[in-house]
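Trainee: Return a 3D structure for these sequence lines:
(one chain, ligands or ions: 1)
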Amino acid sequence: MRHYRIVLLPGDGIGHDVIAEGMKTLNLLAELRGDFTLETQQFDWSCAYYLQHGEMMPKDALKILTEFDAIYLGAVGFPTVPDHISLWGMLLPIRQTYDLYVNLRPARLLPGIQGPLRDRGPEDINIICVRENTEGEYAGVGGRTHRGRPWEVAQQTGVFTRHAIERIMRYSFELARREGRQKVTSATKSNAQQYSYVLWDEVHAQVAAEYPDIQTDKWHIDALAARFVTHPHTLDVVVGSNLFGDILTDLGGALMGSLGLPPSANLNPDPGTRHGPAMFEPVHGSAPDIAGKGIANPLATFWAGQMMLDYLGEREAGQTLMRAIETVTTEGKVRTPDLGGQATTWAMGDAVRDALTRLHS
Ligand code: GGG
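Mentor: A predicted model of the protein is given here:
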């Protein structure tokens with residue numbers, strides 16, 4: 001019997017509801033299969049924790065987390081704490097300290113879901129976004145001075161290293177090969193950003209030359225954002241910097257019909273340079289406006305659970321979970337309000353668990 005230790009970080013807002021439902025679903029899947037078990041430990045690190053302790057997580061948190069096989073995270077951020085404090089107090093240190101340099105975010109229209117684009121179906125919207133996850137605009141380099149004075153200055157420096165660009169490009173081309181994809185599209189802005197994105201483009205071209213079997217192109221981020229809407233069928237694997245990847249994948253979520261659907265995996269695919277466990281989370285945040293109402297869509301978190309199972313080596317179990325999710329979207333009987341229905345988080349969770357049970361009977 002294979003055994004995995006998962007750390008649960010529900011975080012803030014709807015993170016609690018979706019992680020509880022996610023674990024209930026993963027545990028049922030493990031039980032139905034009978035060939036692996038999931039042991040969990042939950043920590044209450046969050047904005048509420050910050051208000052009590054003055055920090056988002058304890059000083060030894062990053063050491064504690066290394067004892068686990070994977071992190072299953074809900075959402076970070078709540079209006080009670082400035083967003084830059086919560087993000088830099090938890091999510092970004094985990095990604096950077098463990099060098100989880102790949103943020104993998106599928107943007108795929110699920111069967112049965114009506115996206116906002118007229119005449120576009122699941123065959124048109126099937127993009128894998130690869131977001132550089134450790135530097136770029138999120139490097140955390142900069143400062144403020146002369147606070148409160150009329151001449152106050154704030155500087156935020158983007159950091160782009162050949163090393164990080166090269167590995168995210170290589171990962172994207174390898175992913176394209178592995179997944180039978182045809183093309184890698186690079187998001188750039190080398191017309192205005194004459195240093196960082198010129199290096200980005202140069203490294204993109206160098207790495208692309210090693211993969212003659214994979215087509216490639218590049219678009220300035222503004223044009224690419226438009227292309228997501230006008231030509232989504234021409235996009236296959238899309239690689240972007242930390243900020244561009246973040247923005248494009250919210251757009252991707254919108255094209256999928258709801259931000260309650262896209263998942264996200266924070267990975268370091270090179271065992272030799274891994275400093276901690278991979279982290280799996282929905283793309284969405286804590287959604288304070290619907291927190292506590294029981295109406296959050298748990299499907300993004302379930303899908304993140306599928307990515308976690310895949311990472312742990314439980315690929316077949318992950319595929320079954322994905323089939324269960326797609327069964328529910330195809331049948332269309334249970335829909336949370338973000339998808340135009342009235343179902344609760346728990347009803348959606350029950351529907352997926354019911355589909356899992358049917359798939360196993
Ligand atoms: N599900 C994780 C979460 O809370 N995401 C919200 C967020 O602000 N993320 C920032 C980022 O991924 O860069």
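Trainee: Give me every residue in the stretch 51-200 of the chain lying close to the ligand.
Mentor: Ala75, Val76, Gly77, Leu87 (CB under 6 Å from any ligand atom). Backbone N, C-alpha and C define where each C-beta goes, glycine included.
Trainee: switch to 5 Å and redo it
Mentor: Ala75, Val76 (CB under 5 Å from any ligand atom).
Trainee: in the stretch 51-200 of the chain, which spans are strands?
Mentor: Along the stretch 51-200 of the chain, the segments classed as strands by DSSP state E, counting those that start in this stretch run 70-75, 102-108, 126-132, 136-145, 153-159, 183-188.
Trainee: Sticking with the closest residue to the ligand within the stretch 201-350 of the chain, tell me its helix or strand.
Mentor: Of all residues in the stretch 201-350 of the chain, Gly285 sits closest to the ligand, at 3.6 Å by CB to the nearest ligand atom. For Gly285, there is no host helix or strand (DSSP states H and E).
Trainee: wait, what's in contact with the nearest residue to it once chain neighbours are set aside?
Mentor: Distances taken as CB to CB, 6 or more residues apart in numbering put Ala75 closest to Gly285, at 5.0 Å, once the chain neighbours are dropped. With contact set as CB atoms under 8 Å, 6 or more residues apart in numbering, Ala75 has these partners: 10-15, 18, 281-282, 284-287.
Trainee: Can you say which of the strands of the stretch 51-200 of the chain is packed in most?
Mentor: strand 70-75 (a mean of 26; mean count of other CB atoms under 10 Å).
Trainee: quick revisit: save the strands of the stretch 51-200 of the chain as TSV, and put in mean pLDDT too.
Mentor: Shown next, in TSV, are these (pLDDT from 0 to 100):
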stretch	mean pLDDT
strand 70-75	98
strand 102-108	98
strand 126-132	98
strand 136-145	97
strand 153-159	97
strand 183-188	98
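Trainee: coming back round to it: just the contacts of Ala75: which are in strands?
Mentor: Pro10, Gly11, Glu281, Pro282 (DSSP state E).
Trainee: Specify the beta-bridge partners of the last one.
Mentor: On the basis of DSSP bridges, Pro282 takes part in beta bridges with Pro263.
Trainee: from memory it sits against Ser258, does it?
Mentor: No. Using CB atoms under 8 Å, Pro282 is not in contact with Ser258; the gap is 11.0 Å.
Trainee: And these two? Which one has more around it.
Mentor: Pro282 (30 against 22; other CB atoms under 10 Å).
Trainee: now that one: how far from Thr301?
Mentor: Using CB to CB, to the nearest Å, Pro282 is found at 5 Å from Thr301.
Trainee: before we move on, what about Gly158?
Mentor: 31 Å.
Trainee: before we move on, the earlier item: same for the ligand: which of the ones in strands among the contacts of Ala75 are within range?
Mentor: Checking the ones in strands among the contacts of Ala75 against the ligand (CB under 5 Å from any ligand atom), the matches are Glu281, Pro282.
Trainee: Show me which of the ones in strands among the contacts of Ala75 is closest to Ile71.
Mentor: For the ones in strands among the contacts of Ala75, the residue nearest Ile71 by CB to CB is Glu281; the value is 8.2 Å.
Trainee: Quick one: residues contacting that closest one.
Mentor: Counting by CB under 8 Å, 6+ apart, Glu281 has contacts Tyr72, Leu73, Gly74, Ala75, Pro263, Ser264, Asn266, Thr301, Ala304.
Trainee: switch the cut-off to 7 Å
Mentor: Counting by CB atoms under 7 Å, 6 or more residues apart in numbering, Glu281 makes contact with Leu73, Ser264, Ala304.
Trainee: just checking, the last one touches Phe280?
Mentor: When you say that, I think you mean Ala304. Yes. Between Ala304 and Phe280 a contact is recorded at 4.3 Å, counting by CB atoms under 7 Å.
Trainee: can you list residues touching both of these two?
Mentor: Common contacts of Ala304 and Phe280, defined by CB under 7 Å, 6+ apart, comprise Ala265.
Trainee: more crowded one of these two?
Mentor: Neighbours per residue (other CB under 10 Å) separate Ala304 from Phe280, with Phe280 holding more: 28 against 25.
Trainee: I'd say the more buried one and Met307 touch.
Mentor: Yes. In terms of CB under 7 Å, Phe280 counts as a neighbour of Met307; the distance is 5.5 Å.
Trainee: quick one: stretch 343-350 to chain centroid distance?
Mentor: 22 Å (CA atoms, centre = their mean, to the nearest Å).
Trainee: CA atoms of it as PDB?
Mentor: C-alpha atoms of stretch 343-350 as PDB (Å, rounded to 0.1, in the frame of the first residue of the first chain):
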ATOM      1  CA  ALA A 343     -25.800  24.300  -5.800                       C
ATOM      2  CA  THR A 344     -23.700  24.600  -2.600                       C
ATOM      3  CA  THR A 345     -20.000  23.700  -2.400                       C
ATOM      4  CA  TRP A 346     -21.000  20.500  -0.600                       C
ATOM      5  CA  ALA A 347     -23.600  19.500  -3.200                       C
ATOM      6  CA  MET A 348     -21.000  19.900  -6.000                       C
ATOM      7  CA  GLY A 349     -18.600  17.800  -3.900                       C
ATOM      8  CA  ASP A 350     -21.200  15.200  -3.400                       C
END
